[in-house]
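*Asks:* no sequence for this one, just the structure:
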């Protein structure tokens, strides 16, 4: 099975292992940069990509299903956050904490960056069924790993769930 991340007519089709690596390096970056309410909602969306909790081959999201914000400024700011997090992830930020070298992840992040850059969030687009509501934002950090997590809904963060 594959996991698909898509938007604006582009797709990032990843194996289960590829998805795990992609989400993990992106989550480390998102956790470092999150400041605004929307950022924590995006972090919650990433926590839902944890295949150790959600099931292998059962994750992915479409950029069109993300609530990017009501106004043009909000949508631009949200998109910029995702691009900054992707760039930070691509820089190798905290990769040493993963316990493995994330092979091929630069390609995944580059393809995701291109997808986000070419995607135009529109007002009133959606439905946003798969984008966490404000009350489901990932506001809690795993104290052991300093990563935003879905606590108190799940015990621990993605690093806590690793079978390694």
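*Replies:* Great, that's in hand. Here the structure is a predicted model, which means the values were calculated and not measured. Numbering: from 1, shown residues only.
*Asks:* look at the closest residue to residue 78 other than its chain neighbours and tell me its secondary structure.
*Replies:* Nearest residue to residue 78, sequence neighbours excluded (C-beta to C-beta, 6 or more residues apart in numbering): residue 68, at 4.7 Å. Where you see a C-beta, it was placed from the backbone N, CA and C, and this is true even at glycine. At residue 68 the chain is in coil, as set by DSSP: H, G, I helix; E, B strand; the rest coil.
*Asks:* strands along the protein, start to end?
*Replies:* 3-7, 10-14, 140-142, 147-149 (DSSP state E).
*Asks:* ok, the second one: who's next to it in the sheet?
*Replies:* In the sheet containing strand 10-14, the strands it pairs with under DSSP bridges are strand 3-7 (antiparallel).
*Asks:* can you pull out the residues in contact with the partner strand?
*Replies:* 11-16, 18-19, 22, 49, 51, 57-64, 112, 115-116, 119 (C-beta atoms under 8 Å, 6 or more residues apart in numbering).
*Asks:* go with 10 Å
*Replies:* 11-16, 18-20, 22-23, 49, 51, 54, 56-66, 108, 111-112, 115-116, 118-121 (C-beta atoms under 10 Å, 6 or more residues apart in numbering).
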